[in-house]
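Participant: output the structure for:
(2 chains)
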Amino acid sequence: MADLTEAFHTALRLIATFDPRLIGIVLLSLKVSLTAVVIASMLGFALGGALAVYRFPGRGALSATLSALMGLPPVVAGLFVYLLLSNTGPLGVLQLLYTPTAMIIAQVVIVTPIVGALTRQACEDLLEEYDEQLRSLGASSSAIIRTLLWDGRYRLITAVLAGFGRAIAEVGAVMIVGGNIDHVTRTMTTAIALETSKGNIAFALALGIVLLVIAFAVNAALMGVRRFANRLAYA
Amino acid sequence: MLDPTIPPGGLSVLLDGAALLPLELRGLTYEAGEKRVIDRLDLTIENRGITVIMGPNGAGKSVLLRLMHGLIAPTRGEILWAGKPLDRELARRQAMVFQKPVLLRRSAAANIWHALGLRGIERGERGIRVDGALRLAGLERHAAMPARVLSGGEQQRLCLARALSLEPEILFLDEPTASLDPASTLAIEGLLIDAQRRGIKIIVVTHDVGQARRLAQDVVFLHHGRVIEHQPAKEFFRGPESEAARAFLTGGLVL
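Facilitator: Prediction:
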């Protein structure tokens, strides 16, 4: 118990003094996950908007697949991207394995279905309400998608936050395609796993606290956005 | 609050709704699954006044309006505007106001701005028309407010102002005052009468007999998806020819 208290104090000191090693890992994690979320959001918005508006054969199957992929286990996503990027894989020539780029790709694979499926749902709900009015105004399909994405903006923000929460907390995918290389591909989650197994509880705990704070912040932001949208009747 | 006799600035353009007339419906049939909602309907509308479509619930009034506006396609039959079927270009000269106000999750002004953008109105002109439409609806002080927190009457006025800002030649309204209080209803009716004077051809569905009396130049009475009567309003209200319309006007139940 005394060990744990000491470890906790050390952890707080590491955070309070901006321990360079700790900060390096936190910043890399944020860089990877934020980049992945930005890319996944662009893809997810386009995909979700298109699935809500365009009618084409296989649309239902594609929507169902996208929703199912929301629950894609990160290790499986990691394995998939690993096979893609490994030397014998189709993208092996790019030599991306064990780089931050590989981790970004893996997280894009994880987050895109989340943002995409939530976007599709938001847009479909709005379209039910707007369809006749927008067609009466002579809106083209692409204009309808743009209208729905903008009017669904608060729900899309919550989708993006949900995606970010998932990306920053996942360990399986970044471990497989990043390799947990010190100063190169070591993220908060992979570092926690490693430091814990090495017995360096204080450092793992410090990262755990940072991760927890980020998770709380994301949740607070989610609630704040919902409340704000409700007040304007924009939800 | 609203005085329809004052010409509204920005929306004072005179329009020629008659250019698209006559509207001819020939053998129009619309089936939804097994049910025939519109049944081999023939109708010609050629006057410039306000045409009111009346009838009991389920008579096919809303469906008929949507067919005319091109929101749904008929199962059989044809719809001709001045001899031509509805195409994209003709559709751009029409607008519609729905029973339940459909407003985007944006400010009142942004709702009108958006609609004008969809019609390809350039930005400078858009600003002028937004201001004019808000003034027309008596909503200039609510311009920046989220449209969906406005009262029911204000929302429907905004919807009508948005439709009028497009400067349509034909304006459809589907029970625009069905859930509004008398003051809001009066405001909407004032705007309609004013719009009609400026040359907009108005076709409105209502089952409010009082409203029909106040607005109609001619009345189309619909029952079971067919036109039972189409008469000048004066004659229709003096003595409808059909039993169904008589029962409807006296508040009896129409089966």
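
Participant: could you find the closest non-adjacent residue to residue A:79?
Facilitator: Excluding its sequence neighbours, the residue lying closest to residue A:79 (C-beta to C-beta, 6 or more residues apart in numbering or on different chains) is residue A:176, at 6.1 Å. Placement of C-beta: from N, CA and C, glycine included.

Participant: what mean pLDDT does the biggest helix by length in chain A have?
Facilitator: Across chain A, the longest stretch assigned as helix under DSSP state H is helix A:100-136. What helix A:100-136 shows for mean pLDDT is 97.

Participant: tell me if it is near chain B.
Facilitator: Yes. Legend: contact between helix A:100-136 and chain B by C-beta under 8 Å from any C-beta of the partner chain is shown at A:129-130, A:132-136.

Participant: packing partners for the helix or strand following that helix?
Facilitator: The helix or strand immediately downstream of helix A:100-136 is helix A:141-151, counting by DSSP states H and E. In terms of contacts (3 or more C-beta pairs under 8 Å, 6 or more residues apart in numbering or on different chains; DSSP states H and E), helix A:141-151 is packed against helix A:20-53, helix A:100-136.

Participant: now do helix A:141-151: everything it contacts.
Facilitator: The contact list for helix A:141-151 (C-beta atoms under 8 Å, 6 or more residues apart in numbering or on different chains) reads A:45, A:49-50, A:52-54, A:119, A:122-123, A:126-127, A:130, A:134, A:139, A:156, A:234, B:104-106, B:114, B:118.

Participant: out of the residues of helix A:100-136 next to chain B, which are buried?
Facilitator: Applying 16 or more other C-beta atoms under 10 Å in any protein chain shown to these, the neighbour count classes A:130, A:132-136 as buried.

Participant: including distance to residue B:134, could those go into TSV?
Facilitator: TSV is the format used below for those (distance: C-beta to C-beta, whole Å):
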residue	distance to residue B:134
A:130	21
A:132	23
A:133	19
A:134	21
A:135	24
A:136	20
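
Participant: list of residues touching the one helix or strand residue B:112 maps to?
Facilitator: Mapping residue B:112 onto the secondary structure by DSSP H and E places it in helix B:108-118. Residues outside helix B:108-118 that contact it (C-beta under 8 Å, 6+ apart): A:134, A:137-139, A:143, A:147, B:103-104, B:106, B:125-127, B:129-130, B:133-134, B:139, B:142-147, B:150, B:158, B:161-162, B:165-166.

Participant: with only the CA atoms kept, save the strand or helix carrying residue B:187 in CSV.
Facilitator: Assessed by DSSP H and E, residue B:187 sits inside helix B:182-197. What follows is helix B:182-197, C-alpha atoms only, in CSV (Å, rounded to 0.1, in the frame of the first residue of the first chain):
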residue,chain,number,x,y,z
PRO,B,182,-56.4,33.1,-34.9
ALA,B,183,-53.9,36.0,-34.9
SER,B,184,-51.3,34.0,-36.7
THR,B,185,-53.9,32.6,-39.1
LEU,B,186,-55.0,36.2,-39.9
ALA,B,187,-51.4,37.2,-40.5
ILE,B,188,-50.8,34.3,-42.9
GLU,B,189,-54.0,35.1,-44.8
GLY,B,190,-53.0,38.7,-45.1
LEU,B,191,-49.7,37.7,-46.6
LEU,B,192,-51.5,35.4,-49.0
ILE,B,193,-54.0,38.0,-50.2
ASP,B,194,-51.1,40.4,-50.7
ALA,B,195,-49.1,37.9,-52.6
GLN,B,196,-52.0,37.1,-54.9
ARG,B,197,-52.4,40.9,-55.6
